[in-house]
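Undergrad: Everything below, folded, please.
(one chain, ligands or ions: 2)
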Amino acid sequence: MMLLDSFGRFHSYLRISVTERCNLRCVYCMPPEGVALSPKSHLLTFEEIERLARLFVRQGVRKIRLTGGEPLVRKNVVELVEKLAAIEGVDTLAMTTNGILLSRFLPALKKAGINHLNISLDTLNREKFHKIALRDDFDQTIKGIYAAIEAGLSPVKVNCVVMKGVNEDELNDFVAWTEHLPIEVRFIEYMPFSGNQWNKGGFVSFQAQLTQIQKKFPLIQAANEANETARLFQVPGFKGQVGFITSMSEAFCSTCNRLRITADGNLKVCLFGHHEVNLRDLMRSGGSDEDLEMAISEAVLRKKAAHAGMLNLVDLENRPMILIGG
Ligand code: SAM
Ligand code: SF4
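TA: Ligands and ions are numbered 1, 2, ... in the order given. I've put the predicted structure just below:
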């Protein structure tokens, strides 16, 4: 049972970062000076990613998400999607993207096998978008979201990181967006990573978000799927839903079923754990599938019961989100 940890959690969800590069510079995700990119030879090839994915699926993974950096800037990423979609046992093949290149890629992605999309959008205001992402690509992102809805990838999830003094005044505008669109807007608590200027003053808790929204909309709780990280709500009569990702204030570690592989080939059993296991070098030095399984199993068994808690995380070393792969 390679994917069962010592707390009885079975890991059926693998997130794979396919690049460290990005066409945006979101201030909450990366340091203002940017990140030092790994040389290309340090990144996993498509063949290596496929090999690892097959191994994880053989051991029970049923959901794979491609992320980054921005996954759509990885050259020929559609070919990788095809390879992963061909693995028997993958029920959900998802991608998290900033949406900029989506309208162009969508038909090919869908044909190749992507059946679930999360698109990041932190504001409904063009100028504010520029301030957060340091690029003027609001229109392209919106276009990507509508293209995904039209392509029938339902429900399209829209990820919004909530930050005090930046976009907390827009929560109700996002909720209003769910009236006629079959989207799930997910408000994400702002998380601290090395270099992202997180401070407690910028944090808006799930409870504070909920209170603000309930002043305007009668949110009712909606049914949650097992292992769903978002707490789901809905305004009666609205087409879409509203979710809250409470990673900081009410962590969901006890039901965590996720593992991550970074673009440079490290296995990370917890988003907030600094411990990483280098699977790339093991593969490149001729490691067998059994060697890989052993290394993965040991890492999974070392997974802790829970992360260090919101206030302690701030002081811990971790890589910036862009290098871990959200
Ligand atoms: N570039 C893609 C995108 O933005 O959707 C995929 C990678 S991005 C790192 C994945 C997700 O992580 C995005 O939804 C982003 O908003 C989220 N994220 C990045 N930094 C974060 C932080 N400090 N706190 C909470 N979420 C964060
Ligand atoms: Fe790029 Fe996504 Fe990070 Fe923004 S959140 S800088 S789009 S990787």
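Undergrad: quick one: residue 29 and residue 322 touch, right?
TA: Yes: assessed by CB atoms under 8 Å, residue 29 is found in contact with residue 322 at 5.2 Å. No exception for glycine: its C-beta is placed from N, CA and C like everyone else's.
Undergrad: Mind jotting down where the strands sit in the stretch 1-150 of the chain?
TA: Along the stretch 1-150 of the chain, counting by DSSP state E, counting those that start in this stretch, strands occupy 13-17, 63-67, 92-97, 116-120.
Undergrad: These into JSON lines, with extra columns for mean pLDDT?
TA: What follows is the strands of the stretch 1-150 of the chain, written out as JSON lines (pLDDT from 0 to 100):
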{"stretch": "strand 13-17", "mean pLDDT": "98"}
{"stretch": "strand 63-67", "mean pLDDT": "98"}
{"stretch": "strand 92-97", "mean pLDDT": "98"}
{"stretch": "strand 116-120", "mean pLDDT": "97"}
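Undergrad: so can I have JSON lines of the ones you listed showing mean neighbour count?
TA: Output for the strands of the stretch 1-150 of the chain, formatted as JSON lines (neighbours: other CB atoms under 10 Å):
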{"stretch": "strand 13-17", "mean neighbour count": "23"}
{"stretch": "strand 63-67", "mean neighbour count": "23"}
{"stretch": "strand 92-97", "mean neighbour count": "20"}
{"stretch": "strand 116-120", "mean neighbour count": "22"}
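Undergrad: Save those as TSV, and put in distance to residue 289 too.
TA: TSV is the format used below for the strands of the stretch 1-150 of the chain (distance: least, CB to CB, whole Å):
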stretch	distance to residue 289
strand 13-17	16
strand 63-67	18
strand 92-97	22
strand 116-120	28
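Undergrad: Would you reformat these as CSV and include distance to ligand 2?
TA: Shown next, in CSV, are the strands of the stretch 1-150 of the chain (distance: least, CB to the nearest ligand atom, whole Å):
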stretch, distance to ligand 2
strand 13-17, 9
strand 63-67, 8
strand 92-97, 8
strand 116-120, 6
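Undergrad: right, so of these, which gets closest to residue 291?
TA: strand 13-17 (18.7 Å; CB to CB).
Undergrad: Can you name every helix or strand that the closest one contacts?
TA: helix 46-58, strand 63-67, strand 258-261 (3 or more CB pairs under 8 Å, 6 or more residues apart in numbering; DSSP states H and E).
Undergrad: Output the lowest mean pLDDT helix or strand found in this protein.
TA: helix 310-313 (a mean of 66; mean pLDDT, DSSP states H and E).
Undergrad: Downstream of that helix, the next helix or strand is which one?
TA: The helix or strand immediately downstream of helix 310-313 is helix 321-324, counting by DSSP states H and E.
Undergrad: Touching that next one from outside, list them.
TA: Contacting residues not belonging to helix 321-324 are listed as 17, 20, 22, 28-30, 35, 68-69, 191, 193, 196, 260, 262-263, 268, 271, 318 [CB atoms under 8 Å, 6 or more residues apart in numbering].
Undergrad: Tell me who's in contact with the residue of the chain most remote from its centre.
TA: For the chain, the largest distance from the centre (CA atoms, centre = their mean) belongs to residue 286, which lies 30.8 Å off. Contact partners of residue 286, counting by CB under 8 Å, 6+ apart, are absent.
Undergrad: so how far is ligand 2 from it?
TA: Noted for residue 286: a distance of 33 Å to ligand 2, by CB to the nearest ligand atom, to the nearest Å.
Undergrad: Use 450 as the first number from now on
TA: Shifting the count to begin at 450 puts that one at residue 735.
Undergrad: Quick check, pLDDT for that residue.
TA: Per-residue pLDDT puts residue 735 at 98.
Undergrad: and if you look at residue 592?
TA: The model's pLDDT for residue 592 equals 97.
Undergrad: wait, what's in contact with it?
TA: 548, 551-552.
Undergrad: let's go with 7 Å and repeat that
TA: residue 552 (CB atoms under 7 Å, 6 or more residues apart in numbering).
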